[in-house]
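Undergrad: structure for this input, please:
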Amino acid sequence: MPRPSKHVFVCTQARPPGHPRGSCSEKGCAQVMDEVLFQFQQRQCFDTVQITATGCIGPCGQGPNILVYPEGVFYSGVTKEDVAAIFDEHLLGGTPVARLMAPPDVW
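TA: Model prediction:
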């Protein structure tokens with residue numbers, strides 16, 4: 001298996017309703033993760049992108065969150081509709097999607 005050039009971590013953290021930290025689950029991370037996997041398969045980028053579902057990776061109240069390495073680009077408030085842009089512009093195109101990046105005080 002070739003080493004992927006991008007590693008994408010998608011938060012799928014689920015905390016109980018009303019938890020003080022919130023969770024990406026309350027904000028639709030399951031739909032985001034489903035779309036990430038769909039776009040991954042549609043684009044057949046198995047040799048260049050690795051996808052990992054993960055627990056909490058940061059500011060839960062601003063999720064769903066996605067973290068892309070090796071650049072360390074942190075996306076927050078991602079919706080299902082945003083995922084195609086992340087693939088097209090960043091993962092395959094090399095330019096992070098500025099409008100989705102977490103503010104500097106968060107990441």
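
Undergrad: list the contacts of the spatially most central residue of the chain.
TA: Centroid check for the chain by CA atoms, centre = their mean gives residue 66 as the closest residue, at 2.3 Å. Taking CB atoms under 8 Å, 6 or more residues apart in numbering, we find residue 66 in contact with 8-11, 32, 36, 74-75, 78, 86. To be clear about C-beta, it is placed using only N, CA and C from the backbone, and glycine gets the same treatment.

Undergrad: could you redo the last one with a cut-off of 6 Å?
TA: 10, 75, 78 (CB atoms under 6 Å, 6 or more residues apart in numbering).

Undergrad: quick check: of the residues you listed, which lies closest to residue 58?
TA: residue 75 (10.3 Å; CB to CB).

Undergrad: surely that closest one is in contact with residue 100?
TA: Yes: contact criterion CB atoms under 6 Å: residue 75 and residue 100 qualify, at 4.5 Å.

Undergrad: more neighbours: these two, which one.
TA: More neighbours surround residue 75 than the other of residue 75 and residue 100, with 27 against 20 (other CB atoms under 10 Å).

Undergrad: for the longest helix along the chain, packing partners?
TA: Taking DSSP state H as the criterion, the chain has its longest helix at helix 29-43. Applying 3 or more CB pairs under 6 Å, 6 or more residues apart in numbering; DSSP states H and E, one finds that helix 29-43 contacts strand 6-11, strand 49-54, helix 83-85.

Undergrad: any idea of the angle the second one forms with helix 29-43?
TA: Read it as strand 49-54. Interaxial angle, strand 49-54 versus helix 29-43 (axes from the mean of the first three to the mean of the last three CA atoms, to 10 degrees): 160 degrees.
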